[in-house]
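> The sequence isn't on hand, but the structure is:
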């Protein structure tokens, strides 16, 4: 009987812990977060939101509490949340060209941008998004660097078009890449 009670208590403890998982964010200023990331040797996840954003609230209520999300993001990143309508958030929005919400920016431990995306998405896609920051075939800024250096291979254009559509960045650049893909498709007909 005592063993059964212990097993039930252990199960209940595990169950309540898994129910209370929540993605948490560092407090303080951006420069403090950068310093902590350098010291810990961990990349940074920056969540840019606005209080009135419907999709931001949706992510906070349905995805950030997910155990898979909180485990992955806590193990992998220093997490930081900023309201881009006030204070330091206004500066970061201008500095990183944050045009829509929610916006997710991924930096290496030195503060170099790796990847950007946004929008509401399910938990598994949000975890995949965090993994994409380290994947040279999906990380927005690695693909953009290749494009800026003149790579117009079909593979790069294809990959970069997906990263651009997720990034919420320059519509003009997206149109240029899409036109390049259209030209390649016409040549292959």
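That came in fine, so what should we check first? If you're wondering where the values come from, they're calculated on a predicted model, not measured in any experiment.

> Would you map out the domains in the chain?
22-134, 136-189 (automatic domain parsing).

> Would you mind finding the most buried of the ones you listed?
Highest mean neighbour count among the domains of the chain (mean count of other Cβ atoms under 10 Å): domain 22-134, with a mean of 17. Just so you know, the C-beta spots here come from the backbone N, C-alpha and C atoms, and that holds for glycine as well.

> how about the residue nearest to residue 107 when sequence neighbours are not counted, what does it touch?
In space, residue 107 comes closest to residue 44 once its chain neighbours are excluded; the distance is 4.2 Å by Cβ to Cβ, 6 or more residues apart in numbering. By Cβ atoms under 8 Å, 6 or more residues apart in numbering, residue 44 lies in contact with 33, 34, 37, 77, 78, 79, 80, 106, 107, 108, 109, 111.

> JSON lines please, covering those residues and showing secondary structure.
Below are the contacts of residue 44 laid out as JSON lines (DSSP: H, G, I helix; E, B strand; the rest coil):
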{"residue": "33", "secondary structure": "helix"}
{"residue": "34", "secondary structure": "helix"}
{"residue": "37", "secondary structure": "helix"}
{"residue": "77", "secondary structure": "coil"}
{"residue": "78", "secondary structure": "strand"}
{"residue": "79", "secondary structure": "strand"}
{"residue": "80", "secondary structure": "strand"}
{"residue": "106", "secondary structure": "strand"}
{"residue": "107", "secondary structure": "strand"}
{"residue": "108", "secondary structure": "coil"}
{"residue": "109", "secondary structure": "coil"}
{"residue": "111", "secondary structure": "coil"}
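
> what's the closest of the residues you listed to residue 140?
residue 106 (8.8 Å; Cβ to Cβ).

> right, and that closest one touches residue 47 too?
No: under the criterion of Cβ atoms under 8 Å, residue 106 is not in contact with residue 47, lying 10.5 Å apart.

> just to revisit the earlier point, save the contacts of residue 44 as a markdown table, and put in distance to residue 131 and pLDDT too.
Formatted as a markdown table, these follow (distance: Cβ to Cβ, whole Å; pLDDT from 0 to 100):
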| residue | distance to residue 131 | pLDDT |
| --- | --- | --- |
| 33 | 21 | 98 |
| 34 | 22 | 97 |
| 37 | 18 | 97 |
| 77 | 11 | 98 |
| 78 | 16 | 98 |
| 79 | 15 | 98 |
| 80 | 19 | 98 |
| 106 | 10 | 98 |
| 107 | 15 | 98 |
| 108 | 14 | 98 |
| 109 | 17 | 97 |
| 111 | 20 | 96 |
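
> Any stretches of this structure with poor pLDDT?
Along the chain, the parts satisfying pLDDT under 70 run over 1-20, 170, 174, 187-189.
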